[in-house]
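# below is the sequence, then the predicted model.
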Amino acid sequence: MEEVQTDWGHLPYPVLEAVSAAWQIESGRIDFFHSARLTNRHWCKWATESLSVVRLSGGTSLSLVVEAIARKFPNVEELICSKQYYAGLDHGLSCLVRLDRLTRLRFGSSFEGGDRVDSMRRGEAWLDLGICNEISDESLTCLRSLTSLTQLGLRDCWRITDESLVVVGILTGLRWLDLRRCKNVTNEGLMQVGKLTALEHMDLHGCKHVTDWGLACIGNLGALKHLDLGFCTNVGDAGLARLTKLTALEFLELVGTRFTNGGLFKVATLSKLKHLALGQVPLISEKGLAQIGRLTALQHLNVSRHVQKTEHALECLGELTALKHLEMSQWSKHGNSILALAGGLTSLEVLNMSGCGDNAEEGWNLLTNMKSLKSLDLTRCKSITDAWLAAIASLTSLVSLDLGFCKVTDEGVMCLRALSTLQHLNLCECENVTEGCLGALGELKALKRLCLSRCVHIRGEGLCHVGTLVALEVLDLSYCSGIRDSDLAFLGGLQALKHLHLAWCLEMTGQGASALVDLTSLKYLDLHRCRNVTDHGLAQVGGLSSLERLDLHGCRYITDVGLGHVGNLTALRRLDLGWCERFTNQGLDHVSKLVGLGRLEVRGCSQITDEGIARVGHLTALEYLDLGFCYNITDAPFCQVGQFQAVRYMDLHACEGISDGFRMTTIYGHIARER
């Protein structure tokens, strides 16, 4: 009998995996074996069979990749696929049944944050096909075998119909279903969804074929906690009456529907509601809003725009003492009343009253009661003055403040230096603000987002104070015509900066970008309509190796030479060259090096021909292509085998050389490929 080997070199890989796990648990308590080099005959099997998560970046068909994974990595539980797999996904989805242990598959980003993390901790099976609009009913037939699914995301899969929901209706373990903007889903499909008695979360936002009758099909889903019916424009009072049995409901979105006060009488019976959105519903009056006052568990309420507005309607909401988030934008001439209401809501953390300040000149004294407030939006409140900002300065918990289009001055803005926790400040088109207040803003060291767009009196000298905001991630100086290239030197120390907006800064040539080369976090540079940007300036921009998005729209002096520098930005994912009319096909040679490019806009670039556009046809990540007003483009580049395979949206407006036959293969710009 052959002697059984029991030494370290012959331990089976499951034992090695257990030893590795034990070391990780004990690593904080053992001061030896920080590293070890182990030789074992099973090391290859250990490496392949212990792998549970695979991230796919693209370049090969999904079916071929899955075939390889099934052979080499049999225990894969989670597959994360990049956008490059959207093209051809309709064929590739059925092959996933080969991965016996697969429980989690993600395309797009429908599952975010807590939902995804919690499901992973519970070891649940979920499938996310968010915004994969290539998916059809045929490809979803493979879901029949995935009976353990608990979460399914089909957001923006606009080709699927009720036929797919017949398959979904079999998945009785589903707790989370996202059908947002699946525009072909109708009442017939909801009959199948009505079988999913474990369902807790359902999103039907933008499903315009769903009517009151369809809601009757889901009215018995007693476990449902989250229901989004936003912009289901055929849902009215009769439909809301069907929801009264959903006694566990905590989240209800009704923005853009057509119900009236009668519907709100039914909604008011849902006593566990914490989130209710009623914006853009024109037929609600104070009689209906009075019913909302009965929902004392509400924490989030949206009654913005188009709601019939009266003083008494606001009084009805005063009973909602648990409210933390209140949106009442466009309640014009009721600013003081809103502030009086908000002042009595001691738990309030978020208040949006944009467009409400026409009659609130003296309302600033009501602000001082809102000590819990973290976010305040006063955009387009015409009555806002410096006195308001002095009162706002007492709200020391504020994290976000929007003052866009308000008539405040430097004196008022200087009061904000007391808001040490402020992370977001919007002063867009505050025309009376100058660089004189930037010294005070320079004291807001927690600031992450600062918008000074259209503050036309801002001059470059004041940017020295902005340059001290080391936490700043987004800076918007668009339309600040006094900003010059040399002023960018003040921003060279903003190591956290991710987005820099300089659109319509007409003095910019691009040469100042050399001061930004050390900003390794910079992802987006906006030079939209900076019409004096030159090839020499782009030589400096070409040194910003971390850029993922570059907007050069309307930079009229750019030629092929300048695009040679852009071709060095290998991390670029999005490039706008619209109306840069001086570059030619040769310029697209440089663009063709950007292998990760997902969106390219060359609208109005009249010198581009078929020869030039064919040079970017091999880019496997390219999903969006804007060729509007490119008069010399014909069908030819798109008929070549293997070209433009990933393109999902194409704008051919005013492309006179494109045939009617080819235009018929696009539906609202979406490419309809042969299957």
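Right, received. Where do you want to start?
# after the worst-scoring helix or strand of the chain on mean pLDDT, which helix or strand is next?
Across the helices and strands of the chain, mean confidence by mean pLDDT, DSSP states H and E is lowest for helix 113-121: a mean of 42. Using DSSP states H and E, the next helix or strand after helix 113-121 towards the C-terminus is strand 125-129.
# can I get stretch 545-557 in PDB? Just the C-alpha atoms.
Output of stretch 545-557 as PDB, limited to C-alpha atoms (Å, rounded to 0.1, in the frame of the first residue of the first chain):
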ATOM      1  CA  SER A 545      -1.800  62.200 -17.100                       C
ATOM      2  CA  SER A 546      -4.700  61.500 -14.600                       C
ATOM      3  CA  LEU A 547      -7.400  63.200 -16.700                       C
ATOM      4  CA  GLU A 548     -10.400  61.100 -17.500                       C
ATOM      5  CA  ARG A 549     -12.600  63.800 -19.100                       C
ATOM      6  CA  LEU A 550     -11.500  66.800 -21.200                       C
ATOM      7  CA  ASP A 551     -13.900  69.300 -22.700                       C
ATOM      8  CA  LEU A 552     -12.500  71.300 -25.600                       C
ATOM      9  CA  HIS A 553     -15.800  72.200 -27.200                       C
ATOM     10  CA  GLY A 554     -15.600  75.300 -29.300                       C
ATOM     11  CA  CYS A 555     -11.800  75.700 -28.900                       C
ATOM     12  CA  ARG A 556     -11.500  77.000 -32.400                       C
ATOM     13  CA  TYR A 557      -7.700  77.200 -32.800                       C
END
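# got any ranges where the stretch 551-675 of the chain has weak pLDDT?
Counting by pLDDT under 70, the ranges of the stretch 551-675 of the chain that qualify are 666-675.
# all helices for it, in order.
Assigned by DSSP state H, counting those that start in this stretch, the helices in the stretch 551-675 of the chain fall at 560-566, 585-591, 610-614, 660-663.
# which stretch among those helices comes nearest S332?
The minimum distance between S332 and the helices of the stretch 551-675 of the chain falls on helix 660-663, with 44.2 Å, by CB to CB. Where C-beta positions appear, they are placed from N, C-alpha and C, glycine not excepted.
# just checking, what packs against that closest one?
Helices and strands touching helix 660-663, by 3 or more CB pairs under 8 Å, 6 or more residues apart in numbering; DSSP states H and E: there are none.
# before we move on, the earlier item: okay, the helices of the stretch 551-675 of the chain in TSV with mean neighbour count and distance to V470 next?
Putting the helices of the stretch 551-675 of the chain into TSV (neighbours: other CB atoms under 10 Å; distance: least, CB to CB, whole Å) gives the following:
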stretch	mean neighbour count	distance to V470
helix 560-566	21	29
helix 585-591	20	35
helix 610-614	20	43
helix 660-663	11	51
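# would TSV of these with distance to W388 be doable?
Below are the helices of the stretch 551-675 of the chain laid out as TSV (distance: least, CB to CB, whole Å):
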stretch	distance to W388
helix 560-566	45
helix 585-591	49
helix 610-614	53
helix 660-663	53
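# for L317, which of those is the nearest?
Nearest of those to L317, taken as CB to CB: helix 660-663 at 51.5 Å.
# so what touches that closest one?
Contact with helix 660-663 is made by 635, 638, 652, as judged by CB atoms under 8 Å, 6 or more residues apart in numbering.
# how about 6 Å then?
D635 (CB atoms under 6 Å, 6 or more residues apart in numbering).
# now that helix: how far from the chain's centre is it?
33 Å (CA atoms, centre = their mean, to the nearest Å).
# can you check stretch 510-519 too?
28 Å.
# check which residues of that stretch are buried.
Neighbour-count burial for stretch 510-519, counted by 16 or more other CB atoms under 10 Å, picks out 510-517, 519.
# widest-spaced pair of those?
The largest separation in the buried residues of stretch 510-519, counting by CB to CB, is between Q511 and L519 at 16.1 Å.
# if anything else comes up later, I'll come back, but that's it for now.
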